[in-house]
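Student: Below are the sequence and a predicted model; questions follow.
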Amino acid sequence: MKASLIDVERVSETELEQCFSLLQDSFEGVSKKSFFKDLSEKEKIILLEDDSRVVGFSTIMSFPLQISSGTIEIVFSGDTAVDPAARNSREIGRCLAEYLFLAMSRSLHPVWYVLISKGWRTYRAMWFLFKQAYPQSDEDVLLHEYQGIVRAFRNHKYPDRQLYNDSVLVGQNDAQCIRSGSDDLTVRAGESGEIFTTLNPGYATGDELVCIAHVCKSNMTPSFFRCQPKKA
């Protein structure tokens, strides 16, 4: 399996159909309208392929965001779905790290990564790249820096959605949610998923936990560093 980070406009119709099918298989409430709306605002897409077939994808974009202390650069992952058989691959994480390195090199402002997590697996993935990410506890939700970024992000991207406890985007009537009967609804004991369900108890009905991490060298895991693009 191999993942590639490519411009959204370069994705073929066949690849788009395979991405949409993956999203439908993972979540209820998926529509072509919402899929293409998410895609239209994104800059890049990560495609994970196995024998020329898409088995995972994630859309991604960046934009400046004004907070009380000044301007920051937000890197935001949108629609993401991976075939269960391909979940052991770290290729999507590698491509995401590649994009984050690119964002750091071109931005004049501090870079923060934002992930809105529908399930515990995506929440757990934050620690593949970052030593410290938020929130990890109820106390983190009360941190001024976390609150400021999350509130500003919500006001910019989702002004029509309710923000519960300064950390959870409440699902709307047409919200995507994990498919009934999916293994993703079952959280394994002793894993970070238990923290996720405590912080986002309404995840099964479409509530999403807003997760953030400062993108800087001091906050990178060894896995992140290994993804650094080689200099020409």
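Tutor: Noted; the coordinates are in hand.
Student: Lowest average confidence across helices and strands of this protein, where is it?
Tutor: Every helix and strand of the chain was ranked by mean pLDDT, DSSP states H and E. The lowest is helix 138-141, at a mean of 77.
Student: Could you tell me which residues within that helix count as buried?
Tutor: Neighbour-count burial for helix 138-141, counted by 16 or more other C-beta atoms under 10 Å, picks out Asp140, Val141. C-beta coordinates here come from the backbone N, C-alpha and C atoms, glycine included.
Student: same deal with stretch 113-126?
Tutor: For stretch 113-126, the buried set under the neighbour-count rule, 16+ other C-beta under 10 Å, comprises 113-126.
Student: ok so, going back, so what secondary structure elements neighbour the helix or strand following the least confident helix or strand of the chain?
Tutor: Proceeding N to C from helix 138-141, the next assigned helix or strand is helix 144-157, under DSSP states H and E. Under the contact criterion of 3 or more C-beta pairs under 8 Å, 6 or more residues apart in numbering; DSSP states H and E, the helices and strands touching helix 144-157 comprise strand 53-67, strand 70-82, strand 111-117, strand 163-164, strand 208-215.
Student: how far does helix 144-157 sit from the chain's center?
Tutor: Taking the mean of its C-alpha atoms, helix 144-157 sits 16 Å from the chain's own mean (C-alpha atoms, centre = their mean, to the nearest Å).
Student: export that helix as CSV, just CAs?
Tutor: Output for helix 144-157, consisting of C-alpha atoms alone and laid out as CSV, is shown next (Å, rounded to 0.1, in the frame of the first residue of the first chain):
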residue,chain,number,x,y,z
HIS,A,144,-7.4,29.4,27.7
GLU,A,145,-5.3,28.6,24.7
TYR,A,146,-7.4,25.6,23.8
GLN,A,147,-10.6,27.4,24.2
GLY,A,148,-9.4,30.4,22.1
ILE,A,149,-8.4,28.3,19.2
VAL,A,150,-11.5,26.0,19.3
ARG,A,151,-13.9,28.9,19.6
ALA,A,152,-12.2,30.8,16.7
PHE,A,153,-12.1,27.7,14.6
ARG,A,154,-15.8,27.0,15.2
ASN,A,155,-16.8,30.6,14.4
HIS,A,156,-14.8,30.5,11.2
LYS,A,157,-15.7,27.1,9.8
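Student: please renumber so the chain begins at 34
Tutor: In the new count, where the first residue is 34, that last one comes out as helix 177-190.
Student: Provide the contact partners of that helix at residue level.
Tutor: Surrounding helix 177-190, the residues in contact under the criterion C-beta atoms under 8 Å, 6 or more residues apart in numbering are 96, 98-102, 105, 107, 109, 145, 147, 167-168, 173-174, 194, 196, 199-200, 202, 243, 245.
Student: Show residues contacting stretch 126-137.
Tutor: In this structure, residues lying in contact with stretch 126-137 by C-beta under 8 Å, 6+ apart are 36-38, 77, 79, 91, 93, 95, 106, 108, 110, 144, 146, 158, 161-162, 248-249, 256-257, 260-262.
Student: What's the ChimeraX line that selects buried ones from those?
Tutor: Of the contacts of stretch 126-137, the buried ones go into a single ChimeraX selection, burial set by 16+ other C-beta under 10 Å:
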select :36,38,77,79,91,93,95,106,108,110,144,146,158,161,162,248,257,260
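Student: Tell me where the model's unsure across this structure.
Tutor: 222-224, 262-265 (pLDDT under 70).
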